[in-house]
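# Mind looking at a prediction? Sequence and model below.
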Amino acid sequence: MNVIKIGGNVLDNPAQLEQFLTDFASIQGPKVLVHGGGKIASELSKQLGIEPNMVNGRRITDADTLRVVTMVYGGLLNKNLVAQLQARGCNSLGLTGADANVIPAHKRPVTDIDYGFVGDVESPEQVNVTFLASLAEQGLTPVFAALTHDGQGSLLNTNADTIASTLAVALSRQFEVNLIYLFEKKGVLLDVEDDTSVIHHLQPQYYAELKKQGAIFSGMLPKLDNAFAALQQGVKAVIIGDAAEIKGIATGEKAGTRITL
């Protein structure tokens, strides 16, 4: 099974999105798609007179902002992705973490910053894998918006990377899972200015060496740390690469950066 997370650069580019969805629909076997949509949410917020508030790259989600991200992630984007996949013969189902209680979460505790209605997911053991497995058996492809719920009636704005890794770890109890993060680069780069400097295979020892040398772009480190954490919890491989190469990445032809233990 492939759990695939697409970044905002794909969602924001109609031509790239069209091609990605065609490629995604052609991938054989069970698969899950996870998406965010922050840029589009910010644009709609401004149109509604709600100024986006970002701290350390994360969205402060007050009650008005939660309404906007629910509309954009769970409605506008999610349902359009499902409709586009249906047109390509991929029978898909749009979901949030609240549906079938797939991904329980809790509101992030207030420390230095109050992020508002932002969710931190519970452990992968609490993911409703039985429901997801039943969808796979029926040939249905779940398409997850970056929303979870707290079990008390509130939706929560939740990091899409975290949702993808949580689903991948949970599903690895029943499936052999590849977790695939797609963005605008060919993979993890040794030189952020050189798109040809892709690290094709990354294992713990080599990663530790590169971190010690400061050779990897700092913005990539949280994603890589999370990748190794997912591997240690049962995910077979994590691949980071270009959305334009998803067909090759999913079949192992074009590796992007393949991360294994």
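Here it is on my side, so go on. Everything numeric in this text was worked out from a predicted model, so none of it was measured.
# where does the stretch 151-261 of the chain dip in pLDDT?
254 (pLDDT under 70).
# mind running it again at 90?
183-185, 191-193, 195, 214-223, 225-226, 251-255 (pLDDT under 90).
# ranges for the helices of it?
For the stretch 151-261 of the chain, the helices defined by DSSP state H, counting those that start in this stretch cover 160-171, 204-213, 221-232, 246-251.
# And the closest residue to F175 other than its chain neighbours, how far from L95?
Nearest non-adjacent residue to F175, counting by C-beta to C-beta, 6 or more residues apart in numbering: M1, 4.1 Å away. Any C-beta I mention is one placed from the backbone N, CA and C, and that applies to glycine too. Distance, M1 to L95, by C-beta to C-beta, to the nearest Å: 16 Å.
# Looking only at neighbour counts, state which of these two leads.
Just comparing M1 and L95: by other C-beta atoms under 10 Å the higher neighbour count belongs to L95, 23 against 20.
# Next, work out how far apart that one and A208 are.
37 Å.
# Low-confidence stretches in the stretch 1-150 of the chain?
Within the stretch 1-150 of the chain, the segments meeting pLDDT under 90 span 7-9, 38, 54-59, 111.
# As a check, name the ranges of all helices in it.
Under the criterion DSSP H, counting those that start in this stretch, helices of the stretch 1-150 of the chain are mapped to 8-11, 14-26, 38-47, 63-69, 78-87, 129-137.
# got these as a markdown table, with mean neighbour count and distance to Q174 columns?
Converted to a markdown table, the helices of the stretch 1-150 of the chain look like this (neighbours: other C-beta atoms under 10 Å; distance: least, C-beta to C-beta, whole Å):
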| stretch | mean neighbour count | distance to Q174 |
| --- | --- | --- |
| helix 8-11 | 19 | 28 |
| helix 14-26 | 16 | 22 |
| helix 38-47 | 17 | 31 |
| helix 63-69 | 19 | 30 |
| helix 78-87 | 17 | 23 |
| helix 129-137 | 15 | 6 |
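# mind listing what the closest residue to R88 other than its chain neighbours touches?
Among residues not flanking R88 along the chain, A25 sits closest, at 3.7 Å (C-beta to C-beta, 6+ apart). Residues near A25 by C-beta atoms under 8 Å, 6 or more residues apart in numbering: 85, 88-90.
# Drop the exposed ones from those and show what's left.
85, 90 (16 or more other C-beta atoms under 10 Å).
# export the contacts of A25 to a markdown table and tack on distance to N159?
Conversion of the contacts of A25 to a markdown table gives the following (distance: C-beta to C-beta, whole Å):
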| residue | distance to N159 |
| --- | --- |
| L85 | 23 |
| R88 | 28 |
| G89 | 31 |
| C90 | 25 |
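# Widest-spaced pair of the contacts of A25?
Farthest apart among those by C-beta to C-beta are L85 and G89. That separation is 8.3 Å.
# looking at it, the residue nearest to F175 is touching V177, isn't it?
Yes. Using C-beta atoms under 8 Å, M1 is in contact with V177, at 5.1 Å.
# hey, what's in contact with both of those two?
L171.
# how about the helices of the stretch 1-150 of the chain in TSV, adding distance to F183?
Shown next, in TSV, are the helices of the stretch 1-150 of the chain (distance: least, C-beta to C-beta, whole Å):
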stretch	distance to F183
helix 8-11	6
helix 14-26	11
helix 38-47	13
helix 63-69	20
helix 78-87	17
helix 129-137	24
